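Asks: Whatever this is, show me its structure:
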Amino acid sequence: MNWLSDSVNVIGLLGAVAILVITIYVVGFYVKKMKTAENDGELTEHDWDGIKEYKNDIPMGWLVIFILVIIWGFWYMFFGYPLKSFSQIGQYNEEVKASNEKFEQQWQNLTPQDKIDMGEGIFLVQCSQCHGLNAEGINGQAQNLRAWGKEEGIIHTIEMGSKGLNYIAGDMPPGLLTSDDEKRQVAAYVMKTFSPSKSTKYSQADVEAGKAVYQNVCATCHANDGSGNANGIEGFASNLNTYGDYVLVEQVLRNGKKGFIGKMPSFNYANFSERQVEALAAYISSLAVND
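Replies: Numbers count the residues shown, from 1 in each chain. Model prediction:
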């Protein structure tokens, strides 16, 4: 009976015994009273088919027990078991926190290739079921991640639109630009100006031309600095400065994302550390657009 070594269990047991004893006493008392009680007392004015009830005060014993149960319930909820005793969920969260801290210390000096290798392992376990072993999206069943963080990903978004991250501006409609040249130029400008890589495979002329197109069409929602805080409204649209960065990957993993082909659930349950998210983003960014 080691469980009796816990004072909360002892108090709970005593409370249960007390309630049982009181219940037996009260039931016995009123069963006896029903057998011996006489028909006297003042009747109420309520009448149900000729049947009336007596005006009886609330039994003092019931009232006292009711008040004591309420007091005990508040104690139990705020000072007893839920807040003061062992919690498996709390222990699990503490263990995950300690494991992540140890993981961060162990892998804090990863080389770029180490990050890619780690990210590949995470991707194969957590993401490949939907996005495919090669991250190509399994013929449209999920998003093709091989283009993410690259010019092709921007062009794809311009053509298909974007949805699912709940920005104030709402979903980005498809077809805002119809010219292939303008799509390429905007992609070059965003990659060179806003993305963390600050580089593009397209020419400087494309970057300069893309700036004018961006300011005329895209800045309305994404703002001139790409922050997405258009018209002074924070979070109006997506922050292009995170395109290709692990910050955006972390946001999607935390919140999930609705898309045109379905909904990606949140991966909060996986408790990814910051280093793991960085590694996953590095692996996705390392993928070539085409095999």
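Asks: what stretches of the stretch 1-150 of the chain score poorly on pLDDT?
Replies: In the predicted model of the stretch 1-150 of the chain, residues 1-3, 80-85 satisfy pLDDT under 70.
Asks: how about the helices in it?
Replies: 7-36, 60-78, 81-84, 88-106, 112-126, 128-131 (DSSP state H, counting those that start in this stretch).
Asks: Looking at those helices, which is nearest to Ala282?
Replies: helix 112-126 (4.1 Å; Cβ to Cβ). Backbone N, C-alpha and C define where each C-beta goes, glycine included.
Asks: Would you mind pulling up the elements that the closest one packs against?
Replies: In terms of contacts (3 or more Cβ pairs under 8 Å, 6 or more residues apart in numbering; DSSP states H and E), helix 112-126 is packed against helix 274-286.
Asks: I'd like to check the angle between the helix it packs on and helix 112-126, please.
Replies: Orientation check (axes from the mean of the first three to the mean of the last three Cα atoms, to 10 degrees): helix 274-286 against helix 112-126 gives 90 degrees.
Asks: pLDDT (mean, whole number) over helix 274-286?
Replies: Average pLDDT, helix 274-286: 93.
Asks: Can you point out the buried residues in that helix?
Replies: Using 16 or more other Cβ atoms under 10 Å as the test for burial, helix 274-286 gives 275-286.
Asks: so what's Leu196 scoring on pLDDT?
Replies: For the record, residue 196 is Pro, not Leu. For Pro196, pLDDT reads 91.
Asks: Wait, a helix at it?
Replies: No - counting by DSSP: H, G, I helix; E, B strand; the rest coil, Pro196 falls outside a helix, being coil.
Asks: Which residues are in contact with the residue nearest to it when sequence neighbours are not counted?
Replies: Excluding the flanking residues, the one nearest Pro196 by Cβ to Cβ, 6 or more residues apart in numbering is Asp245, at 4.6 Å. By Cβ atoms under 8 Å, 6 or more residues apart in numbering, Asp245 lies in contact with 149, 195-196, 281.
Asks: Of those, which is the nearest to Ser128?
Replies: Ala281 (15.9 Å).
Asks: The closest residue to the closest one other than its chain neighbours: neighbour count?
Replies: Spatially, and ignoring its direct neighbours in sequence, Ala281 is nearest to Tyr246 (3.7 Å; Cβ to Cβ, 6+ apart). Using other Cβ atoms under 10 Å, the number of residues around Tyr246 comes to 23.
Asks: What does Tyr246 show for phi and psi?
Replies: phi -70, psi -20 (degrees, to the nearest 10).
Asks: Quick check: it vs Leu13, distance?
Replies: From Tyr246 across to Leu13, the span is 52 Å (Cβ to Cβ, to the nearest Å).
Asks: just Leu248 next, same as before
Replies: 54 Å.
Asks: Counting neighbours, go ahead and name the busier of the two.
Replies: In this view Leu248 and Leu13 are compared by other Cβ under 10 Å, and Leu248 has more residues nearby, 21 against 12.
Asks: Name the nearest residue to that one, ignoring sequence neighbours.
Replies: The nearest residue in space to Leu248 (Cβ to Cβ, 6+ apart) is Thr242, at 4.2 Å.
Asks: so how many other residues sit close to the one you found?
Replies: Thr242: 19 neighbours (other Cβ under 10 Å).
Asks: That one against Gly228, yeah?
Replies: No - counting by Cβ atoms under 8 Å, Thr242 stays clear of Gly228, with 9.1 Å between them.
Asks: backbone phi and psi for the residue nearest to Leu248, please?
Replies: Torsion angles, degrees, to the nearest 10, at Thr242: phi -100, psi 0.
Asks: Would you check that Gly137 makes contact with Leu145?
Replies: Yes - between Gly137 and Leu145 there is a contact under Cβ under 8 Å: 7.1 Å.
Asks: Show me which of the two is the more surrounded one.
Replies: For Gly137 versus Leu145, neighbours defined as other Cβ under 10 Å are more numerous around Leu145 (21 against 17).
Asks: Alright, that wraps it up for me.
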